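Q: I'll drop the sequence and a predicted model, then ask my questions.
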Amino acid sequence: MNFIHAHIKWIMVVAGVLTCTMVLAAVAPQLALQRTFGATLDGPLANVVVRSWGVLITLVGAMLIYAAFKPVHRKLVLFVAATSKAALIGLIAGPGSSYMAAATPVLVFDSLMVVIFTLVLLDVGATKHDASSA
């Protein structure tokens, strides 16, 4: 676990950059849905909701990048990101289970990030040196 604490800055940057790729949903909502879930939604309301979803996900990614360089904000941002990612995982595993196969890359990445972010939030494996060098 010391590895995670020692490298959390760069883990957050990578996670943030990858999360920001969902800006695609704000720009091309149908393409983003097709690539992420293997399906699309029709209608103007679906277009608005998916674009909004894309903006919110992109903002979480930007927050991860920001907090990677501003440790004072890390706990809040890690909590928001872990909660958001866990919610998506739960929604896909539950009512959205028919999209699970198509969303496997997202599920794997987000699950890994939830675990890592939770370990950091709980200070699992942190040493005094890790906390002071963040």
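A: Received it, and whenever you're ready, just let me know what you need.
Q: rest of the way, CA atoms for contacts and neighbours
A: Will do.
Q: Tell me the helices and strands packed up against the biggest helix by length in the chain.
A: Criterion DSSP state H: the longest helix present in the chain is helix 44-69. In terms of contacts (3 or more CA pairs under 8 Å, 6 or more residues apart in numbering; DSSP states H and E), helix 44-69 is packed against helix 2-20, helix 23-27, helix 29-37, helix 74-93.
Q: For the second one, which residues meet the burial criterion?
A: The one in question is helix 23-27. Within helix 23-27, the residues scored as buried using 16 or more other CA atoms under 10 Å are V23, L24, A25, A26.
Q: Restrict it to CA atoms and write it as CSV.
A: Provided in CSV are the C-alpha atoms of helix 23-27 (Å, rounded to 0.1, in the frame of the first residue of the first chain):
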residue,chain,number,x,y,z
VAL,A,23,-15.9,14.8,-22.7
LEU,A,24,-16.8,12.8,-25.8
ALA,A,25,-20.3,12.4,-24.3
ALA,A,26,-20.7,16.2,-24.2
VAL,A,27,-19.5,16.6,-27.8
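Q: tilt between the longest helix of the chain and helix 74-93?
A: 140 degrees (axes from the mean of the first three to the mean of the last three CA atoms, to 10 degrees).
Q: For helix 44-69, give the mean pLDDT please.
A: Averaged over helix 44-69, pLDDT sits at 97.
Q: Now do the buried residues in that helix.
A: So, applying 16+ other CA under 10 Å, buried residues of helix 44-69: 47, 50-68.
Q: For burial, what's the neighbour tally of the closest residue in space to I92 that isn't next to it in sequence?
A: Nearest non-adjacent residue to I92, counting by CA to CA, 6 or more residues apart in numbering: M100, 6.2 Å away. Neighbours of M100 under the rule other CA atoms under 10 Å: 19.
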